[in-house]
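# Need coordinates for the below:
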Amino acid sequence: MPRDPALKPFRIAVYCIYGAFCAVLFFQLVRSVVADLYGRKAQTAAEQTPTACLDDVERLYAQISARAVQPAPGGLEGGALAREWDAWSRRWDDDLDRVSQRCRLVSDNEAASRAIADALDGIEELRRRLSQSGADAAEEARRVKDALAQARKELKVH
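A predicted model of the protein is given here:
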């Protein structure tokens, strides 16, 4: 059945509205995917008081101190413990960056802020040393394990 030519302007208007709606929906979908893939800029949080910054730095120190008594990152067997350390380390680094940004420790020249910044630098150095000592301990553990395996092989003990 042929279409009524008198309704042609209305059909065009409906097609245009439908096309605009689809274009907006497509744009929102693409924007959302791009934002998820490439991340959004960190929202600038309100600047914290020096006391709140000190509490955050002490919390970070408590986390790294608790982590220091756990097994070495490389572990005796490696695998799961190393992956867990890596995941924890990334989360901790993100937390460290957030505290540094919120407290504006890099740009502040007050004595208290400088002391907090020094403490934060010391905490980061402690994390690096824990990571390195864990790798050294894991390497030594692997050498011992290989030596034991070699001895077992030589003695033909199963």
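# CA only for contacts and neighbour counts going forward, please
OK.
# And the lowest-mean-pLDDT helix or strand in the chain, what does it pack against?
Counting by mean pLDDT, DSSP states H and E, the chain has its least confident helix or strand at helix 111-155, which shows a mean of 74. Packing contacts for helix 111-155, counted by 3 or more CA pairs under 8 Å, 6 or more residues apart in numbering; DSSP states H and E, involve helix 50-68.
# List the buried residues for the helix it packs on?
Going by neighbour count (16 or more other CA atoms under 10 Å), the buried part of helix 50-68 is 50, 53, 54, 56, 57, 58, 60, 61, 64, 67, 68.
# How about stretch 115-132?
Applying 16+ other CA under 10 Å to stretch 115-132 flags 116, 117, 119, 120, 123, 124, 126, 127, 130, 131 as buried.
# could I get those as TSV with distance to residue 100?
Formatted as TSV, those follow (distance: CA to CA, whole Å):
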residue	distance to residue 100
116	10
117	8
119	11
120	8
123	12
124	12
126	17
127	16
130	21
131	21
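# re the thing from before, from the buried residues of helix 50-68, which is closest to residue 26?
residue 56 (41.9 Å; CA to CA).
# ok, now which ones touch the closest residue to the closest one other than its chain neighbours?
Counting by CA to CA, 6 or more residues apart in numbering, the nearest residue to residue 56 once its immediate chain neighbours are dropped is residue 99, at 6.7 Å. Residue 99 makes contact with 53, 56, 57, according to CA atoms under 8 Å, 6 or more residues apart in numbering.
# With distance to residue 112 as new columns, can these be given to me in CSV?
Below are these laid out as CSV (distance: CA to CA, whole Å):
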residue, distance to residue 112
53, 10
56, 14
57, 13
